[in-house]
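Visitor: Return atomic coordinates for the entry below.
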Amino acid sequence: MRAPKVEIAGGDGFDLLVSAVAVADPDWRDVMAHGAAVWSTVRHDAGAESARRAGRFGRFGWINLIGLLAAHPGRGGRDDLVALVDGTPADELRFVVAGGRREQMRERLGAGPLRDALAADATAARELSRALAAPGMLLDVTTWVRRTSDHELKTTLQRLLDGWPDLPVSGGPASARHARGRLREIGPEALLAEVTPGIRYGPEVLGRVRLVGSALVEPILISVDQPGLTVIVHPPLGVDGMADAARSLRDQGNAVGDETRVLVLHELRAGPRTLVDLCATLDRPRTTLLHHLALLRAAGFVILTVSAGEPNVYRIDPSGFDRLARAARGFVLE
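Guide: Reported below is the predicted structural model:
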């Protein structure tokens, strides 16, 4: 099996887009460690109307723009992002925001029908709705993105980027330097395991991977699957804001301190489950369960297995509960 080709990227353009994910989606704002601080900063410095406009793009709209930026090596800064948005034709920009470059969208719908749906073709719009509602579909497109004009979307995005405030925390260039050092030291497969704990990638799932460190995404990951390139935004390596036991106790306690997440763990005790299985059993929408599963995985309670051509499978990780017990003991004895 051929090892994936791993590259390192970074910059405050990625931080801006991750922060916009937190502003656009209150569920993910609660998951991200700095989500509340980002939300407060944007509302205070840019205004409530800017925060509302950011929400029109939805979580996936901003995540899809991460893929657009990552597709251009060496262009991760905020100015690079602005220049890229300015230079992208309005119809192509809306296509990107709607997920047109995402692997799953291309498999489930295709580029042509998506462009037709965005151009207000009624038959294609119904096809898009069916594709988004299909079991196992992880993507979504907001009503505003579906119905607005190409020009309005681009103009709104340009204004948002122009007025987006400085962020309360950033990954910084040191994160990328550290990741490149680790890549040279331990190799691509070991580095992937280090930055994606709790995820097991099957053969042929990953080919070319671009890793982006951002403190704003902590403690979860954002993965953007595009043809020929997978972008993974991860918490910076080596960032440690408090003693290990205290930090572990905080993160794991937060993960199990929610009724829905406890229900997920109860369900996974009985055996592996797909997202479709969990949605049906727990009667929760997939977008809700995805953020709960992300937090459980980040805290070490759940393992996600990603296989080519197969649904993602979630399993309980008993070692996570051992780590919780050790963290509790360590916190008392520190």
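
Visitor: can you give me the helices for the stretch 151-300 of the chain?
Guide: In order along the chain, the stretch 151-300 of the chain carries the following helices (DSSP state H, counting those that start in this stretch): 172-186, 188-195, 244-256, 259-269, 275-282, 286-298.

Visitor: State the next helix or strand along the chain beyond the last one.
Guide: Stepping forward along the backbone from helix 286-298, the first helix or strand reached (DSSP states H and E) is strand 302-306.

Visitor: Given that following strand, what are its sheet partners and their directions?
Guide: In the sheet containing strand 302-306, the strands it pairs with under DSSP bridges are strand 199-201 (parallel), strand 313-316 (antiparallel).

Visitor: give the contact list for the residue nearest to residue 289 when sequence neighbours are not counted.
Guide: Setting aside the residues directly before and after it, residue 289 is nearest to residue 278 in space (C-beta to C-beta, 6 or more residues apart in numbering), at 5.5 Å. In this view, the C-beta of every residue, glycine as well, is placed from N, C-alpha and C. Applying C-beta atoms under 8 Å, 6 or more residues apart in numbering to residue 278 gives the contacts 264, 267, 284, 289, 293, 314.

Visitor: Apply 10 Å and report the result again.
Guide: 263-264, 267-268, 284, 286, 289-290, 292-293, 314 (C-beta atoms under 10 Å, 6 or more residues apart in numbering).

Visitor: And the strands in this protein?
Guide: Using DSSP state E, the strands of the chain run over 5-9, 199-201, 208-213, 222-226, 229-234, 273-274, 302-306, 313-316.

Visitor: Same list, those strands, but as CSV with mean neighbour count, mean pLDDT and distance to residue 190 please.
Guide: Compiled in CSV, those are given as follows (neighbours: other C-beta atoms under 10 Å; pLDDT from 0 to 100; distance: least, C-beta to C-beta, whole Å):
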stretch, mean neighbour count, mean pLDDT, distance to residue 190
strand 5-9, 18, 91, 10
strand 199-201, 17, 87, 13
strand 208-213, 24, 93, 13
strand 222-226, 21, 93, 19
strand 229-234, 23, 93, 14
strand 273-274, 18, 92, 28
strand 302-306, 19, 90, 18
strand 313-316, 19, 91, 22
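
Visitor: looking at these, which is closest to residue 29?
Guide: In terms of C-beta to C-beta, the element of those nearest to residue 29 is strand 222-226, at 13.6 Å.

Visitor: State the distance from the residue nearest the centre of the chain to residue 28.
Guide: Nearest to the mean C-alpha position of the chain, counting by C-alpha atoms, centre = their mean, stands residue 222 at 2.3 Å. In this structure, residue 222 and residue 28 are 9 Å apart, going by C-beta to C-beta, to the nearest Å.

Visitor: try residue 294
Guide: Between residue 294 and residue 28 the distance is 8 Å, computed by C-beta to C-beta.

Visitor: Neighbours of the spatially closest residue to residue 284 that is not a sequence neighbour, how many?
Guide: Sequence neighbours aside, residue 260 is the residue nearest to residue 284 in space, at 6.6 Å (criterion: C-beta to C-beta, 6+ apart). Applying other C-beta atoms under 10 Å, we find 13 other residues in the vicinity of residue 260.

Visitor: check contacts around residue 260.
Guide: 282, 284, 288-289, 291-292.

Visitor: how about those residues in a markdown table, adding distance to residue 63 and neighbour count?
Guide: Converted to a markdown table, these look like this (distance: C-beta to C-beta, whole Å; neighbours: other C-beta atoms under 10 Å):
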| residue | distance to residue 63 | neighbour count |
| --- | --- | --- |
| 282 | 24 | 17 |
| 284 | 21 | 16 |
| 288 | 17 | 13 |
| 289 | 17 | 19 |
| 291 | 13 | 21 |
| 292 | 18 | 23 |
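
Visitor: Residue 227 touches residue 103, doesn't it?
Guide: Yes. In this structure, residue 227 is within contact of residue 103 by C-beta atoms under 10 Å, at 6.1 Å.

Visitor: Settle it for me: which of those two has more neighbours?
Guide: In this view residue 227 and residue 103 are compared by other C-beta under 10 Å, and residue 103 has more residues nearby, 16 against 10.
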